[in-house]
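K.L.:
coords please:
(chains A and B)
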There are 2 protein chains.
Amino acid sequence: MVPAVSADSSSTSSTSFTPLVVLELASDTKQEAIAWLLSRIRDPQQNGGAELLVEQLGLGDGGSEKENPNLFLVGAKWQRLLSGAEEVGLFKEFSDGSMRGFTCANKHNFKHFEGDGDSFLSMAECQYIIKHELDTLRAKDETHVPGHPQAKLYPGKSIIRRLQSKGVLIQVFPLHEKEELKRLSYSWYQKVKLSFQPLDDIRRYYGEGQALYFGFLEYFTFALVPMALIGVPYYLFDWENYDKYVVFAVFNLVWCTVILELWKRFSTSLAYSWGTLSRKKAFEEPRPGFHGVLGFNPVTGREEPLDSNTKRQLRVYLVSLPFVLLCLYLSLYVMMIYFLMEGWVLSVHDEEPTFWTGVLLFIPSIIYAVVIEIMNLVYRYAAEFLTEWENHRLESSYQNQLVLKVLVFNFFNCFASLFYIAFAMQDMALLRQSLATLLITSQILNQFMEAFLPYWLQRRRNKKMMRKVQKRKAVAAAELPLAEQVRLEADMSTYLGTFDDYLELFLLFGYVSLFSCVYPLAAVLVVLNNITEVYSDAFKMCCVFKRPFSEPAANIGVWQLAFEAMSVIAVVTNCSLIGMSPQVKAYFPESEMQLILWTVAIEHGLLAFKFILSFIIPDVPKHIQIKLSRLEFESLEALKKKVQETAERLGPYLISGISPPRLLSSCLSPAHRRCERRSRGERRGSSRRLEK
Amino acid sequence: MVPAVSADSSSTSSTSFTPLVVLELASDTKQEAIAWLLSRIRDPQQNGGAELLVEQLGLGDGGSEKENPNLFLVGAKWQRLLSGAEEVGLFKEFSDGSMRGFTCANKHNFKHFEGDGDSFLSMAECQYIIKHELDTLRAKDETHVPGHPQAKLYPGKSIIRRLQSKGVLIQVFPLHEKEELKRLSYSWYQKVKLSFQPLDDIRRYYGEGQALYFGFLEYFTFALVPMALIGVPYYLFDWENYDKYVVFAVFNLVWCTVILELWKRFSTSLAYSWGTLSRKKAFEEPRPGFHGVLGFNPVTGREEPLDSNTKRQLRVYLVSLPFVLLCLYLSLYVMMIYFLMEGWVLSVHDEEPTFWTGVLLFIPSIIYAVVIEIMNLVYRYAAEFLTEWENHRLESSYQNQLVLKVLVFNFFNCFASLFYIAFAMQDMALLRQSLATLLITSQILNQFMEAFLPYWLQRRRNKKMMRKVQKRKAVAAAELPLAEQVRLEADMSTYLGTFDDYLELFLLFGYVSLFSCVYPLAAVLVVLNNITEVYSDAFKMCCVFKRPFSEPAANIGVWQLAFEAMSVIAVVTNCSLIGMSPQVKAYFPESEMQLILWTVAIEHGLLAFKFILSFIIPDVPKHIQIKLSRLEFESLEALKKKVQETAERLGPYLISGISPPRLLSSCLSPAHRRCERRSRGERRGSSRRLEK
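P.N.:
This next block holds a predicted model:
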């Protein structure tokens, strides 16, 4: 555990607390703004504050003047965290084994709740709650942040979001938990024994979003093992006959559908046991960058910027879509130039082979690789700019649009050349070779860029900080004092979410599925890569990046769709590859037309089979279905029984109406009901007595 | 309105009531069973009864002994209907224009609620409520129906379902409302002026399921008009060139996708305004025919028959599926025999054409048509038997399985010969001719079999009854007395649901979309047919059938899927038809392969476009989306504010836990909240005073 800070002199209270989250304000923030912000954070909830504990982080002993003094540690009292857990709608395991929404009123009926202050809420959950409380801290009647007139406020505007969008608030991040992290990293990647990943511990430390990613990575690796096992003999014995193509490809295609469907079931089970499945998402706030004319939200009635939906649609379809298409065209153009150069170099080398022409042979590939990398980078910025400009109201739709844009372009860049080789040049040997080269180089590059480089940088920074501290204090202990630890973490790179990780898996899946019948070894390579990926990603999460806020997630979202789309495209490519293979062509010596018709028919059959399969396999496993319906049934039943009683009790006050499932406290116990009835009986009795 | 019956002597109460629903028991039902049933229906709710009003229908004046005396009229008090409306979860328009779940406690805040006994609930809603109350009338500790030891009961078993499954209860049906029906039928189909159907009135009289069918029929007709308009010139001027095929087909395919997507939006709007969109379906009971070992339902904990899910799956996949495939094969076989006969007859006629060989030409078609009709009939019975034997627990899954079975077979029977002509024989002229013949004959036959024949039969029955009454009573009035009216309705045919109506539309949609580029006039014929179909279906509903119970529905269910599947198949057939046309073939004189590849590429493009289109067009219109989120937001907000207060108030009793959205009465008004606060303030004040 991070040691508790004792409050410094500026604080009004004098309790010490466990710091959970760090707020870093710009060093030129006005003192009045800081004082105002701290008082808003500390204010009790009924006064519109967040009722959290917050202290300024003292400068390191003799800290240099270069360091930003405006670092603040935020924590909360245990009671506050529990009520926050209820506010954010956390689901916890109930005493009967089902998952139920946590409420303070019946906290004692939840499993593992043994008393206040225990480990009922994980640190990640506490940090998530604090983030939620900070995010929903709203302006009252301030027109701007004191001392920063450019940071305009209006009643109901989220203060933290405004500070962030105006650059006053540099970052908010949760602190690592040294001991816990050590335990986690040991069981995750430092153990020698091979085992499953500790998904529950990952979820406890990093939240559901991360845990689902690692769960998916592991699942995906295991799911590819059968394909890899079948692929090896094909590769080793060089089986190049008709059966090979068809059997292997059909197996792969059906297998891809099955594993994606089963993943849905598996992730549903995970999400249920983590309590994110039934959790209703709260009403989404506009993202910080969203701008528009001030108006009243038609749903909430709150004052907030409004922007026309039509205008956004027009931007998407009239600007972004053409831009993406243009980029795809450009990428295609670059590819054609590459093939031209490649052809030209080959002809030069064939004419008069010297050492220099031998070197020249590599030049086009290198140029192409560099250009692609640059294009990817530029496109990524352009996509972010465009999506920002589209001015999406919700963070989720912003993310979806961005993912879609980047996904399409990356897919195109990675696979366009392979498609060209396969279908325009119809050169299977070259296809196999390019596939292998692309797959292996991208894997090596990725692992290097993703984990080892940042690790090395971080390590250097770490050592420097250590040296500095040791120089000053001459402490021998490996433990850094809190102030230094916080500053060190503040300097760590920020983890930008699972986007790039999923994208990498998505492209690997493409390599395996799209051309599986040409290069059966792909699955083996991807399996090997994924095994190292687990370790390097785990390592990266634990040692390289700032701890991310946990993100409640019930599934892998848009990526499920992307993987399914890929598996549909794979059917088309594999069928055409098989149809084009000389072995199959030899089967229809008399008529090429018949061959094509057969290929098309089989392809349609496979596609239809895929759709039927994904329709037949239910997304939610039976036992979870039963648990969910039981919860729903119980609340409906409780509602039916209670609706009458409460109507009698509260009758005169019930004026505004809400739908029945929400009408009523259905969490009253039978004991309460009995008690209720008794008291009503008494009342009736007493009135009768009065009548006498 | 049906006149109110005054209670006969057997009744304990002596009020008169409006009869809403008729129960017909078998004429050999034991008197003790009848007495028991009536008392259970009349018992107050706290004693486990239905608290409804029920009277035996007197025999018609001097009624013959042939008539079944065991007809019972069921009605209810106004208060009982209102509390029933709350129990079934009816949504009604609130005073602010949104749709909210009706609750008795705040009934005065709903629009059109002007006092007890007004027309707030439509008669169809009242009848639906009574049906629900009867269905949920459960056995207490009876082991069997008194006097009928074969009708076993156990605690919690629905009495009505048991009586029905044992043949003691012959039928339950709602009564027609003569005046209302007259008004409805006038505005629906007797007016000379062309206008939209009175969907809201239909829904008021027949319920949402019926209204959605007629809404879909009308929508579908209008949606086909553009296709019909474009089709006419093609047909008239006999445009037989490349452009014709491609432009018309592409338009049709895109149009089909668009209209199906827009229908989803339109039906969502309808369902919202009818209050069925947000309505949660109550927990579904097992269907009456479901049998198995008695056990405890894992969701409700109630005692009911249980049957293994795996066993059902095995039955579906190992018996039903092979059976359906076998039937399809058989149907294919019959078709091949037909084509053989056809060919043989043609050759005989060509050899030596006489009058008799000319007659002989028609024989194969007639035989084939008769055989198909028989096969359809036999298959329908087999499908019902098989689906019954599969022993589905829920009525909905039973219906889905039955629809699927019948749908596939009918699709095959209707279109197999057309597919054979189109793709095996490649005879476009014959295809066009067969299509026209099939379309026109099926339309004429349908209209005749569906409406005019039953009407004629009903009319005869009606007249006979009239004559009988007039003979006895010599009344001149056209109005029948209540007893005769009830007996007349009891003898009317039972409307078996919208299944056959939708099936007919589905097949018509197939004729239009599958081969649209070959026979552009199909859309015109279908539009004409649909216009008469509206009238004949409306007529049939009003004059031929018993009134059906209203069925709450938010969409057209499995039929949406069926229509979408058809539109996907249509892309495939149209693309191949165009690819096969000589005009297009002429475009690729050098290579047939290129033609096919192009066709396949365009087909894939169209399919992808369809999927993207259905993805882009949101299923719920924006303004309804906003209304739905507002309702949800309001209840979440109310919950947040109330959760604390109630926890304080009810704290000690809150032991068993339900998820937060259900935790709390969120329907407390600001007034109440103020009042709450005040009273707490007072309490605090008084305690302070006590402290003093």
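K.L.:
could you list the low-pLDDT ranges of chain A?
P.N.:
Per-residue confidence for chain A (pLDDT under 70) gives these ranges: A:1-15, A:59-66, A:115-118, A:192-194, A:238-245, A:280-283, A:451, A:469-480, A:636-692.
K.L.:
how about the secondary structure of residue A:74?
P.N.:
strand (DSSP: H, G, I helix; E, B strand; the rest coil).
K.L.:
for it, name its beta-bridge partners.
P.N.:
residue A:21, residue A:54 (DSSP bridges).
K.L.:
what number of residues lie near it?
P.N.:
25 (other Cβ atoms under 10 Å in any protein chain shown). The way it works is simple: take the backbone N, C-alpha and C, and place the C-beta from them, glycine included.
K.L.:
now do residue A:30
P.N.:
14.
K.L.:
tell me which element residue A:304 falls in.
P.N.:
Applying DSSP states H and E as the criterion places residue A:304 in strand A:303-306.
K.L.:
extract the C-alpha trace of that strand and format it as PDB.
P.N.:
The C-alpha trace of strand A:303-306 is given here as PDB (Å, rounded to 0.1, in the frame of the first residue of the first chain):
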ATOM      1  CA  GLU A 303     -27.700  23.800 -20.000                       C
ATOM      2  CA  GLU A 304     -24.900  22.600 -22.200                       C
ATOM      3  CA  PRO A 305     -23.400  23.200 -25.700                       C
ATOM      4  CA  LEU A 306     -25.700  21.800 -28.500                       C
END
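K.L.:
quick one: name whatever helix or strand follows it.
P.N.:
Downstream of strand A:303-306 (by DSSP H and E), the next one is helix A:309-314.
K.L.:
and the following helix or strand past that next one, how far out from the chain middle?
P.N.:
Per DSSP H and E, the first helix or strand lying C-terminal to helix A:309-314 is helix A:321-351. Distance, stretch centre to chain centre, for helix A:321-351: 35 Å (Cα atoms, centre = their mean, to the nearest Å).
K.L.:
from the chain's centroid, how far away is the very next helix or strand once past helix A:321-351?
P.N.:
Scanning forward in sequence from helix A:321-351 by DSSP H and E, the next helix or strand is helix A:355-360. Distance of helix A:355-360 from its chain centroid, counting by Cα atoms, centre = their mean, is 46 Å.
K.L.:
please apply the same query to stretch A:383-391.
P.N.:
That offset, for stretch A:383-391, works out to 20 Å (Cα atoms, centre = their mean).
K.L.:
neighbouring contacts of that stretch?
P.N.:
A:289-292, A:307, A:311-312, A:315-316, A:319-320, A:323, A:398, A:401-402, A:405-406, A:409 (Cβ atoms under 8 Å, 6 or more residues apart in numbering or on different chains).
K.L.:
now swap in stretch A:158-172 and tell me
P.N.:
Outside stretch A:158-172, the residues that reach it (Cβ under 8 Å, 6+ apart) are A:21-26, A:29, A:33, A:37, A:40, A:131, A:134-139, A:145, A:148, A:150-153, A:285, A:288-289, A:490, A:494.
K.L.:
before we move on, back to that, for PyMOL, write the select line for the buried members of the contacts of stretch A:383-391.
P.N.:
Buried residues among the contacts of stretch A:383-391 (16 or more other Cβ atoms under 10 Å in any protein chain shown), as a PyMOL selection:
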select buried, chain A and resi 290+307+312+315+320+398+401+402+405+406+409
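K.L.:
ok so, going back, who does the strand holding residue A:304 pair up with?
P.N.:
Partners of strand A:303-306, by DSSP bridges, with direction: strand A:293-296 (antiparallel).
K.L.:
so what touches the partner strand?
P.N.:
Contacts of strand A:293-296 (Cβ under 8 Å, 6+ apart): A:154, A:302, A:303, A:304, A:305, A:306, A:307.
K.L.:
closest one of those to chain B?
P.N.:
Of all the contacts of strand A:293-296, residue A:302 has the smallest distance to chain B: 9.8 Å, by Cβ to the nearest Cβ.
K.L.:
how about the closest one: what's its closest non-neighbour residue?
P.N.:
residue A:156 (4.7 Å; Cβ to Cβ, 6 or more residues apart in numbering or on different chains).
K.L.:
thinking again about what came up before, which of the contacts of stretch A:158-172 fall within helices?
P.N.:
Among those, the residues falling in helices (DSSP state H) are A:33, A:37, A:40, A:131, A:134, A:135, A:490.
K.L.:
of all these, which two lie farthest apart?
P.N.:
A:40 and A:490 (22.3 Å; Cβ to Cβ).
K.L.:
more crowded one of these two?
P.N.:
It is residue A:40, of residue A:40 and residue A:490, that has more neighbours when counted by other Cβ under 10 Å, with 22 against 18.
K.L.:
which non-adjacent residue is nearest the more buried one?
P.N.:
residue A:49 is the one closest to residue A:40 (Cβ to Cβ, 6+ apart), at 5.5 Å.
K.L.:
secondary structure class for that neighbour?
P.N.:
Assignment for residue A:49 (three-state DSSP): coil.
K.L.:
buried stuff in stretch A:34-42?
P.N.:
Buried residues in stretch A:34-42 (16+ other Cβ under 10 Å): A:34, A:36, A:37, A:38, A:40, A:41, A:42.
K.L.:
I'd assumed residue A:50 was in contact with the fifth one.
P.N.:
Yes: shown here, residue A:40 and residue A:50 form a contact pair, counting by Cβ atoms under 8 Å, at 7.1 Å.
K.L.:
can you list residues touching both of these two?
P.N.:
Joint contacts of residue A:40 and residue A:50 (Cβ under 8 Å, 6+ apart) are residue A:137.
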